[in-house]
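Just a sequence and a predicted model for now, questions to come.
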Amino acid sequence: MGTPIKVTVIGAGSATFSLGLVKDLCLTENLAGSHVTFMDIDAERLEMIHRLAERYIGELGGKLTFDETTDRAKALREADFVINTAGGEYSHWQERRDLAKKHGYYSGAGFGVNYYNLKLMLDVARDMEKICPDAWLIQSGNPVYQGTTLMTRETGIKIIGLCHGHYGYITIAQVLGLDPAKVVWTAPGLNHTIWLTEFRYEGQDAYPLLDEWIETKAEAYWQDRVDHPEKYGLEDQMSRAVIDQYRRFGLLPVGDTTRGGGWWYKTDLETRVHWYGPTGGFSSDLHSPPFIKRHYQRIEEIRQVVADPSRSVLEAFPPVKTREQQVPIIDALVNDVAAKFQINVPNQGAVPGIPDDVVAEMPAYIDKGGIHRLQVNPLPKKIMIEVIWPMILSMEWELEAFLTGDRDMLLDGLLMVNTYQAGGHTVSYEQAKGYLDDMLAQPYNRDMAEHFPLREPSWARVLKRKG
């Protein structure tokens, strides 16, 4: 016998994600009778997903109920689980990107850009402390790594961060001609920075198969992506950049990790195309237009189905479970359907070399008793020194700037913190200061500018004492 619960979705206007969540809930018998509250500040898209959910459950014959609200406090009342997929940065995404390019950051300035998302995450977590302190928060919107670390340190809420980059192992297997169902893998690290420490196929080490592919087939594969781009997606799990990182570090990066590698892969479009393939990798001038177009096409497809009551929702969106982990994790915690998951939680010793209070990405078993972290083997010291520790420093730097409102820390971060994920490197003090001043002067960044006021820096008092 299952257990009905209340699930609140913050940012439910993210139509594709919300539809997948509804499908997974509908197809999980243990959660029959549950109630879902959709919350978003976009009333039009909120109504759209609510109507679609009602029609979906009506056609499927399931036992879920729904309501909608633009009031976050109301949505959180009596919640057992809160899934936050909302983002505070996206309304001016293109303007921010263009501004960074204006100041010479071709792929964006990679530090201090998460202010609005971090504020939203912390506000949600603090609201939960007041309204539903026993609920679980499943953080499903970026930045998972920085935001989940911030929330677990600043609140007492139970939090799990989720991403789906680890499913990159499926693409790796397919490119190598392997059956993904027969692959055993482990990929620990930090969110968007995970590495295949275990890669086995039918019980044998699969890295020699990768080495053989690099030696005999990689060049033909990269050329085929150029000649026949319609056969492939917008990003490449097996690009030259990925294989170069494997050569440098001895382990293969997985999923969103492949977007990183250092600013030197991203100095201009020609360089990006060489390393990341025909679309230049995530967020390039060739990647962004089709990526955004595809996103809005999905929303339009959903809108058309909602607007036409004669269309079958099940026919348009077949009742097949997604790969998303949110609902299976809920089922594990509520109904003791124990399973292994890839999650982001405070490390607590699971990944050697990462502080306990830093959120790491790791495998874990989850059941009614909670989260049971699985101890993993250490990452190579070269990865720890060149990638993991700099990313931890960058995160600590960004969170301290966020919590204190220290504008100097934003500037210093642009100058000094060039991490694995950095989109563009800083070439001068004038470049960094010009970009930061210009960014904070934009009307859409008024709140951020108020949070980071121009004021006497802390070190100025030291100089006064010495005088």
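Sure thing, it's come through.

surely Leu269 meets Gly280?
Yes - in terms of CB atoms under 8 Å, Leu269 counts as a neighbour of Gly280; the distance is 5.7 Å. Quick note: C-beta positions are derived from backbone N, CA and C, even for glycine.

Overlap in contacts, those two.
Overlap of the contact sets of Leu269 and Gly280 (by CB atoms under 8 Å, 6 or more residues apart in numbering) consists of Leu286.

For the two, indicate the residue with more neighbours.
Applying other CB atoms under 10 Å to Leu269 and Gly280 shows that Gly280 carries more neighbours, namely 24 against 14.

SS state for that one?
Recorded secondary structure, Gly280: coil (DSSP: H, G, I helix; E, B strand; the rest coil).

From Val226, how far off is the nearest residue to it once chain neighbours are set aside?
Leaving out its chain neighbours, the residue that sits closest to Gly280 by CB to CB, 6 or more residues apart in numbering is Arg272, at 3.8 Å. Distance, Arg272 to Val226, by CB to CB, to the nearest Å: 14 Å.

can you check Gln204 too?
With CB to CB as the criterion, Gln204 and Val226 are 33 Å apart.

In this structure, where is pLDDT below threshold?
For the chain, residues meeting the criterion pLDDT under 70 lie at 1, 88-90, 418-424, 457-467.

Next, name the residue at the spatial heart of it.
Against the mean C-alpha coordinate of the chain, by CA atoms, centre = their mean, the closest residue is Asn142 at 4.3 Å.

Give me the phi and psi for that one.
phi -80, psi 160 (degrees, to the nearest 10).

Show the contacting residues for it.
By CB under 8 Å, 6+ apart, the contact set of Asn142 is Gly87, Asn117, Cys163.

Where do the strands of the stretch 301-450 of the chain begin and end?
339-346, 359-367, 370-373 (DSSP state E, counting those that start in this stretch).

highest average neighbour count across those strands?
Mean neighbours per residue, mean count of other CB atoms under 10 Å, is largest over those for strand 359-367, with a mean of 23.

longest helix in this protein, by residue count?
Across the chain, the longest stretch assigned as helix under DSSP state H is helix 288-307.

helices or strands next to that helix in the packing?
helix 15-26, helix 43-60, helix 313-316 (3 or more CB pairs under 8 Å, 6 or more residues apart in numbering; DSSP states H and E).

and the closest residue to Phe282 other than its chain neighbours, what does it touch?
Distance criterion CB to CB, 6+ apart; nearest residue to Phe282, sequence neighbours excluded, is Arg259 at 4.4 Å. Taking CB under 8 Å, 6+ apart, we find Arg259 in contact with His192, Glu235, Gly281, Phe282, Ser283, Gln421.

Taking the residues you listed, tell me the two that lie furthest apart.
Glu235 and Gln421 (14.6 Å; CB to CB).

Okay, and the closest residue to Gln237 other than its chain neighbours sits in which element?
Spatial nearest neighbour of Gln237, chain neighbours left out: Thr171 (4.1 Å); criterion: CB to CB, 6+ apart. Assessed by DSSP states H and E, Thr171 sits inside helix 168-175.

how far out from the middle of the chain is the helix or strand hosting Leu150?
Using DSSP H and E, Leu150 sits within helix 144-154. Helix 144-154 sits 13 Å away from the centroid of its parent chain (CA atoms, centre = their mean, to the nearest Å).

about what we covered before: narrow the contacts of Arg259 to those that are buried.
His192, Glu235, Gly281, Phe282, Ser283, Gln421 (16 or more other CB atoms under 10 Å).

CSV for those residues, including distance to Leu414?
Shown next, in CSV, are those (distance: CB to CB, whole Å):
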residue, distance to Leu414
His192, 19
Glu235, 26
Gly281, 21
Phe282, 20
Ser283, 18
Gln421, 14
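
and the gap between the nearest residue to Gly20 once chain neighbours are set aside and Thr279?
Nearest residue to Gly20, sequence neighbours excluded (CB to CB, 6+ apart): Thr322, at 4.3 Å. Distance check for Thr322 against Thr279: by CB to CB, it reads 25 Å.

Asp447 too?
Taking CB to CB, one finds Asp447 at 33 Å from Thr279.
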